[in-house]
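Colleague: this one's structure only:
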């Protein structure tokens, strides 16, 4: 599933190691995994992204894992197929056959 990041992720003091690759606000990503960590304070469902791969390390709150990103910071990408039927209809009406 494709998602777009709607949150600005920043490296913070005491959060992570500071060298993790973070999603960029407005960036489009593909979900490669969903991480649920019930029982951990302040941890909601996280997403692992196909385009971002960080090292597995020990983190104070969640333990040893690859960092995931809060699902609430993303929204689904809605792909709309463009209907160009109206253009075909216009062309059909204005096209005339010319015999040479």
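Modeller: Sure thing, it's come through. On a predicted model such as this, the values are computed, not experimentally measured, just so you know.

Colleague: going forward, measure contacts and count neighbours with C-alpha atoms only.
Modeller: Noted.

Colleague: tell me the mean pLDDT for the top strand by length along the chain?
Modeller: The residue-count maximum for a strand in the chain (DSSP state E) belongs to strand 28-35. For strand 28-35, mean pLDDT is 95.

Colleague: and stretch 44-52, how far from the chain's centre?
Modeller: Mean-position distance between stretch 44-52 and its chain equals 8 Å (CA atoms, centre = their mean, to the nearest Å).

Colleague: Quick check: buried residues in the longest strand of the chain?
Modeller: For strand 28-35, the neighbour count (16 or more other CA atoms under 10 Å) marks 28-30, 35 as buried.

Colleague: hmm, which two among those are most spread apart?
Modeller: For the buried residues of strand 28-35, the farthest-apart pair by CA to CA is 28 and 35; their separation is 19.1 Å.

Colleague: where does the residue lying closest to residue 34 once chain neighbours are set aside land in three-state SS?
Modeller: Once flanking residues are discounted, residue 34 sits nearest to residue 47: 4.8 Å by CA to CA, 6 or more residues apart in numbering. Three-state call for residue 47 (DSSP: H, G, I helix; E, B strand; the rest coil): strand.

Colleague: hang on, isn't residue 47 packed against residue 30?
Modeller: No - Residue 47 is beyond contact range of residue 30, at 9.5 Å (criterion: CA atoms under 8 Å).

Colleague: end to end, how far does stretch 80-89 reach?
Modeller: With CA to CA, to the nearest Å applied, stretch 80-89 spans 21 Å between its terminal residues.

Colleague: Now do the buried residues in it.
Modeller: Buried residues in stretch 80-89 (16+ other CA under 10 Å): none.

Colleague: neighbouring contacts of that stretch?
Modeller: Contacting residues not belonging to stretch 80-89 are not present [CA atoms under 8 Å, 6 or more residues apart in numbering].
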